[in-house]
Structures are given as structure tokens and as C-alpha cells.
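Chemist: need coordinates for the below:
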Amino acid sequence: MTERVALVTGASRGVGKGVATALGACGWTVYVTARGGVTPDEPLGQTVSEINASGGAAVGVSCDHSDDASVSALFDQISAEHGRLDLLVNNVWAAPKGFGGFSDKFWERPVGDWDTLITVGLRAHYVACVEAAKIMVPQGSGLMVNISSFGTRGHLHSVLYGMSKAALDKMAFDMGHELSGTGVAAISLWLGLIQTELLMSLGIEEFAGFRLDEAEHPQFVGRVIDRLWQDPSLPQRNGHTLVTAELGAQYGLVNNDGTPPKSHREPFGGGPLFPPA
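Modeler: Here you go, the predicted structure:
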């Protein structure tokens, strides 16, 4: 097989854009989604342009991941145009109204926060995995990745944020159990602090007690996922939750500036991840 086809959801900025551009640089054909348009002057269109410029091939698709019909049409398009899907990166996410409200207690926030943090941050990932499995299982190969975080282990941002991330890890674990023997793997990844465009624009040196110069570059995460897909031991990792900084160290990968990002496992209490010890 010479062509590798990936789908990265929520790829107009931040982690999703970094993962998609890194995969493109590694030679993937990358489908990228967001709710906006795909013209060159829009964020998703800019992601497409960067992937194409790096030597990859990109297809931008405007998709509302809270709409099951739109998601189903997206996977139908991929199947019709390429006949396969090798990698799904579930990254799409939507902030609740008043993102700064993440400093508020849960009883001070609107119950409607559920509609973004759970409907988009969790349910949309499940729906995408269902559609991806319909392609991957018959072809006998594939990797589904959930972008999770240390919010599973300790309080981070809000109650609903932590709930969604913990559920993503359990989802990968149980999907991995049911995917056993199919050639398809489900993995959840804990990312540390990420040098996103927004965070770097704040002109700060630390965030939540972690140094930005030791944080992960978004493209680093993409390179880790590319290597994970190639890893001969992937079947043994099926259903596991893994730390991107630690995987990067195992694979000899570093940030764009040549520095290795630090794992946040110890600051969040250490210990094993999924599967349970």
C-alpha cells in the first residue's frame, strides 16, 4: 500500500491543525474538518494549503460533528474517493459559551455546557468511531485515536471537561476489546500542555504551573500518531491510554525546536493509565 488516508476532525486550528499538517508532511492524504468554509482565506482552507505545501495531499470538508447525517456523509465521501481509511484522529471540540467560565463552579455554569463538552467533545467521537469502524474492520486494518488529556486523572478546567476525557479513555478501552482480532486498534492519547497559537499569543511563560517552553508542539503530536500507526506493537497497545510525551521519547521524536516535551504523568499523580493495573 502506497497511499495512507487519514481523517483529522476539528483541524482548523490548534492541536487538530498541527496533527494534520504533520501527517501531511509524513506523506499522508489527510481529510480535515471544521464547521467553517474551506476557501483559502478561512482557517480550514489554510490548513489544507499548509498540508499541500508540505508535500501531503489534503481535502477540506465543512462538517458539523453534532449532525450525524453530516458525519455519515463525510465517511461516505472518503470511502467513495479512496476506498479506504487508515487513521481517524478524533480531535473535534467545542467550547461552552463563556470559555472563561471554566473558572466557575459547576453549579454556577449553565447546564447547557453539556451540549458542547459532552455532545461534541464525546458523542461526536463515538459517532466518528462507528463510521470509521464500518470501513476499517472490513479492510482488516486501521487506527482510531482519541485526543484526551490529563483531565481524566485530575481536575482540569471543569467537571464536564473531565467527564468527557475520562469517558474517551474508557471508550477506547472497550472499543479495543471489541476490535480485538480485527486488525483495527483504538487508542486514547493524553496530551500535555500544547503550544497552540492562542496560548503562545498570551505572552506568558507558564500556564497552570507548566512551562510553555517545555510544552508539546501541535506537530509533535501528529508525528507521534504517525509513528504509532507504524508501530509493530500497536496490536498489543489496542485499547490503551498512552501519553504523547512518553511515546515521543520512545520513538526518538522531539518538538520542532529539537527539544523533548515533558510528560505530566508525575504532576498528575503518576500510576498506570488504561487498561487498569
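
Chemist: next up, the contacts around residue 163.
Modeler: Residues near residue 163 by Cβ atoms under 8 Å, 6 or more residues apart in numbering: 117-118, 122. Bear in mind the C-beta positions are built from the backbone N, C-alpha and C, glycine included.

Chemist: what residue ranges in the stretch 1-150 of the chain score low on pLDDT?
Modeler: In the predicted model of the stretch 1-150 of the chain, residues 1, 99-101 satisfy pLDDT under 70.

Chemist: please, where are all the strands along it?
Modeler: For the stretch 1-150 of the chain, applying DSSP state E, counting those that start in this stretch gives strands covering 5-8, 29-34, 57-62, 87-90, 142-149.

Chemist: so what strands line up beside the last one?
Modeler: This points to strand 142-149. Sheet pairing for strand 142-149, assigned by DSSP bridges, gives strand 87-90 (parallel), strand 184-191 (parallel).

Chemist: can you check the second one too?
Modeler: On the basis of DSSP bridges, the sheet neighbours of strand 29-34 come out as strand 5-8 (parallel), strand 57-62 (parallel).

Chemist: where along the stretch 151-277 of the chain do the helices fall?
Modeler: Counting by DSSP state H, counting those that start in this stretch, the stretch 151-277 of the chain has these helices, from start to end: 159-179, 197-200, 218-230, 234-237, 244-251.

Chemist: buried ones in the last one?
Modeler: Residues of helix 244-251 classed as buried: 244-249 (neighbour count, 16 or more other Cβ atoms under 10 Å).

Chemist: in JSON lines: those residues, plus pLDDT.
Modeler: Formatted as JSON lines, the buried residues of helix 244-251 follow (pLDDT from 0 to 100):
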{"residue": "244", "pLDDT": "96"}
{"residue": "245", "pLDDT": "96"}
{"residue": "246", "pLDDT": "96"}
{"residue": "247", "pLDDT": "96"}
{"residue": "248", "pLDDT": "97"}
{"residue": "249", "pLDDT": "97"}
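
Chemist: would you turn these into JSON lines with distance to residue 186?
Modeler: Listed next are those as JSON lines, based on distance: Cβ to Cβ, whole Å:
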{"residue": "244", "distance to residue 186": "16"}
{"residue": "245", "distance to residue 186": "21"}
{"residue": "246", "distance to residue 186": "19"}
{"residue": "247", "distance to residue 186": "16"}
{"residue": "248", "distance to residue 186": "20"}
{"residue": "249", "distance to residue 186": "23"}
